[in-house]
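Asker: I'll drop the sequence and a predicted model, then ask my questions.
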2 protein chains.
Amino acid sequence: MKVAKFGGSSVASAAQFRKVADIVSSDIERRIVVVSAPGKRYKDDVKVTDMLIQLAEQVVAGEPHEETMEAIVKRYADIANELGLEADGFLAELVDDLQSKISAYRSEPPRLFDAIKASGEDHNARLMALYLQDCGLEASYVSPLEAGIIVTDEPGNAQVLPESYDKLKQLRERRGVLVIPGFFGYSRSGHIVTFPRGGSDITGSIVAAGVKADVYENFTDVDSIYCVNPSIVADARKLKEITYREMRELSYSGFSVFHDEALEPVYRAGIPVCVKNTNNPAAPGTWIVAKRNHIDEPVAGIASDTGFCSINISKYLMNREIGFGRRVLQILEDEGISYEHTPSGIDNMSVILRADQLADGKDERILARIREELAVDEVTIEYGLALIMVVGEGMEKTIGMAAKATTALANANINLEMINQGSSEVSMMFGVKEEVVNEAVRALYNAYFQQATVNHLS
Amino acid sequence: MKVAKFGGSSVASAAQFRKVADIVSSDIERRIVVVSAPGKRYKDDVKVTDMLIQLAEQVVAGEPHEETMEAIVKRYADIANELGLEADGFLAELVDDLQSKISAYRSEPPRLFDAIKASGEDHNARLMALYLQDCGLEASYVSPLEAGIIVTDEPGNAQVLPESYDKLKQLRERRGVLVIPGFFGYSRSGHIVTFPRGGSDITGSIVAAGVKADVYENFTDVDSIYCVNPSIVADARKLKEITYREMRELSYSGFSVFHDEALEPVYRAGIPVCVKNTNNPAAPGTWIVAKRNHIDEPVAGIASDTGFCSINISKYLMNREIGFGRRVLQILEDEGISYEHTPSGIDNMSVILRADQLADGKDERILARIREELAVDEVTIEYGLALIMVVGEGMEKTIGMAAKATTALANANINLEMINQGSSEVSMMFGVKEEVVNEAVRALYNAYFQQATVNHLS
């Protein structure tokens, strides 16, 4: 049994709906389909989700919203018409649904936003079910409520509750193809609550884990996952397979293919993920698995992200003070700041964190607190830091991994602001100035991938 | 004005006393002399301090201690006799002093130990003053009380109090050579309190800072400080100069030449230190300074230490939990554990600490607390870790420093358990298994020092 999730670009138009139907019909194991809301059909197109957000904003602001409503309805009507579906009933229900949500939640903006946003996926799933039936498949729309996706009641940040999985398991007994909208679940009190961004991936992953699927297929618009951001490295290699841990480390630090939170349910259930291209389903895609078959190549990928800063603290005989580090972290916690790493020397400690957390004078307040409460000799903030993560399951046991990286960076004349290796078995982290991060990524790519062939499609 | 401190082996015998007198007489600037207790004269000799500890133990245990007392007196008598000094009065005072301390503190062992141990330095300073007078110098013994070394009242762990420095400054007005015993001060309530190990170095440093000496000379039994432990690397290079920061990082991690706490007073006062050899005073020694003149060579030294362990914690989505790291450190703090470093990955955190702190079942208790209170996926302790510190003021700005180190280690087939670089501007830390630490140090020495000549004596 396979759960196949189709992203926004895969379900953006009638032409894309036809590809999805072909893909679903071509494999009898594809029994559950999870869909996003219609995405962009061309570069400057507007996603349905963004139109829905605009609609909710207009309602909250008391502005006229008829035009937006019409534009939304037109997107679905265009798809239905081009597919030759009799969709008057469907479209009338769509309008009714949006209007009843507007009435119900007008005075509760967070709930309004969640309910309106979620309808993008919800109606697309209904339309997909209609189309699959029209294609002669036994298909039915299943709402997240019926499926049993029960979540915490925090608008825009739903977390799945454990009882969902037992309920979802019962979907195995259902006949035909089930079409479930992604992106949202229902709270115990019956409210629609959306997942954080990447939410349809989360739904697919939860459903795959719940029904104990053999595979979770994630259809998108690329043939496979690249080992490095292809906008930084031209002709970047494609990955045949990658482990959950590798994917998580990479997606955390700049890989946008797969939201890291979406991986958890399938990771815990041990279900392999296959990332495939709706527009080229014959391509093998990239497998995300517990254990790679091809471990000849220790590094799986390289990711980078900018926008970090470093709070650098120095105090003579710091290491004699029991509790010093804990007190630094306590101050950050008090201020609601989360941090990434805390490299330390004998008399020094640095805290690496995302710089956007220090806006609105928070930086000055934190500096003042550290200076006064911890009586440090010096504390400064260095902005403009980028982190690069080199990720691979084989790294820990391969001698010379760090040498390869540091030599490549030295040859590229790049100064290393920071190295952090040793806690994670699968990654090595380097800090460089933002200005040189792409150059650094290219140097690392050349060092690790220019001779390697085994784990990569040619 | 120079403050010259002479270590235990430099004042262990009459022959050594003669060398000290020659050194003191040869430079009119050597106005203050700080002495240790008589150290070893040959490999299996017993230090006077160790004899004094034995004496105190016997007193506390209610055992006979006459023999030990005699042996102690004999050590001083031998020196005095061989120097041709009329010392009956001195020796009678020595016995009186020890006996009165035994009577005064018999029921307070911590005070007894401090008072008895301190007498080793105290009487050696008195004897040195007598001998310098005998040599025709205007010399006088000055007790730490008279000098103004006022300390906290924690037996065995004295910390100097700020008021000492004003008092010490008045020593500048005194005539002749002043001989001050190292290793102890007086609390505000008039008790003798000793410094932690390395205590005579601390006295010398405090006195040098107090009198605003031009130089603090530290006489020991080696020509200079080596850039690496000479018992690991044969023919290790000697250092012409090294900065306070470099010395501190090196002495912390295995360099035994200079106790790191002893450096603080001269560091804060900006007084250069010269480490010299009592047995070869013509050798230039090693200068410890604020700023090196020879900065052509970015690395000053390499130190290593064993006996570390790593608590390795993993938890899926750890980085989403604000306060996770702080709570780990809080548990350690509750258990009175101090740590060295906390490298972290996305879902991992390690805490590097000295393993001897986890004895007596503390390891199990800490593992249980982390497991239960933080609901982690896995927590283990890895023993047998060694840390290697590569230290140098020029490192931060020199591209390729990390590459040189990691390449050398890879070529020596050594796996890197950990790299920590970025917080301290002057050091880079590597973690390896204890079994390979000496090999790793040799590989790093060869990489950094085999071509270098500028900052090293040939």
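Answerer: That came through, no problem. Please read all numbers here as calculations on a predicted model, not as lab measurements. Residues are numbered from 1 along each chain as shown, chains lettered A, B, ... in the order given.

Asker: tell me which residue of the stretch 251-400 of chain A lies closest to chain B.
Answerer: residue A:345 (2.8 Å; CB to the nearest CB). No exception for glycine: its C-beta is placed from N, CA and C like everyone else's.

Asker: can you check the stretch 101-250 of chain A too?
Answerer: Counting by CB to the nearest CB, the stretch 101-250 of chain A gets nearest chain B through residue A:249, at 5.6 Å.

Asker: determine the set of other helices and strands touching the helix or strand hosting that residue.
Answerer: Residue A:249 belongs to helix A:244-252 when assigned by DSSP states H and E. Using 3 or more CB pairs under 8 Å, 6 or more residues apart in numbering or on different chains; DSSP states H and E as the contact test, the elements touching helix A:244-252 are helix A:260-269, strand A:286-289, strand A:301-314, strand A:378-391.

Asker: helices or strands next to the helix or strand just after the third one in the packing?
Answerer: Meaning strand A:301-314. Going down the chain from strand A:301-314, the next helix or strand is helix A:324-334, by DSSP H and E. Packed against helix A:324-334, as judged by 3+ CB pairs under 8 Å, 6+ apart, are the following elements: strand A:348-354, helix A:362-373, helix B:324-334.

Asker: of these, which stretch is the most buried?
Answerer: Among the helices and strands packed on helix A:324-334, ranked by average contacts under mean count of other CB atoms under 10 Å in any protein chain shown, first place goes to strand A:348-354 (a mean of 24).

Asker: that one near chain B anywhere?
Answerer: Yes: contact of strand A:348-354 with chain B (CB under 8 Å from any CB of the partner chain) involves A:348-350.

Asker: how about the longest helix anywhere in chain A: buried residues?
Answerer: In chain A, taking DSSP state H as the definition, the longest helix is helix A:109-134. Within helix A:109-134, the residues scored as buried using 16 or more other CB atoms under 10 Å in any protein chain shown are A:111-133.

Asker: give me the pLDDT for the closest residue to residue A:412 other than its chain neighbours.
Answerer: Take residue A:412 and drop its neighbours on the chain: the residue closest to it by CB to CB, 6 or more residues apart in numbering or on different chains is residue A:443, 3.9 Å away. If you check residue A:443, the pLDDT there is 96.

Asker: before we move on, what SS does residue A:443 have?
Answerer: Recorded secondary structure, residue A:443: helix (DSSP: H, G, I helix; E, B strand; the rest coil).

Asker: residues of the stretch 351-458 of chain A that sit close to chain B?
Answerer: For the stretch 351-458 of chain A, the residues in contact with chain B (CB under 8 Å from any CB) are A:397, A:399-400, A:402-403, A:405-407, A:409-410, A:413-429, A:431.

Asker: now the residues you listed: which count as buried?
Answerer: Burial by neighbour count, 16+ other CB under 10 Å: within those this picks out A:400, A:402-403, A:405-407, A:409-410, A:414-429, A:431.

Asker: low pLDDT regions in the stretch 301-450 of chain A?
Answerer: For the stretch 301-450 of chain A, no stretch is flagged by pLDDT under 70.

Asker: point to the residue nearest the middle of chain A.
Answerer: For chain A, the residue nearest the mean C-alpha position is residue A:259 (1.5 Å; CA atoms, centre = their mean).

Asker: picking that back up, which ones among the buried ones among the residues of the stretch 351-458 of chain A next to chain B lie within helices?
Answerer: Filtering those for helices - DSSP H - leaves A:402-403, A:405-407, A:409-410.

Asker: any chance of those in a markdown table, plus distance to residue A:28?
Answerer: Formatted as a markdown table, these follow (distance: CB to CB, whole Å):
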| residue | distance to residue A:28 |
| --- | --- |
| A:402 | 49 |
| A:403 | 51 |
| A:405 | 46 |
| A:406 | 52 |
| A:407 | 52 |
| A:409 | 51 |
| A:410 | 55 |
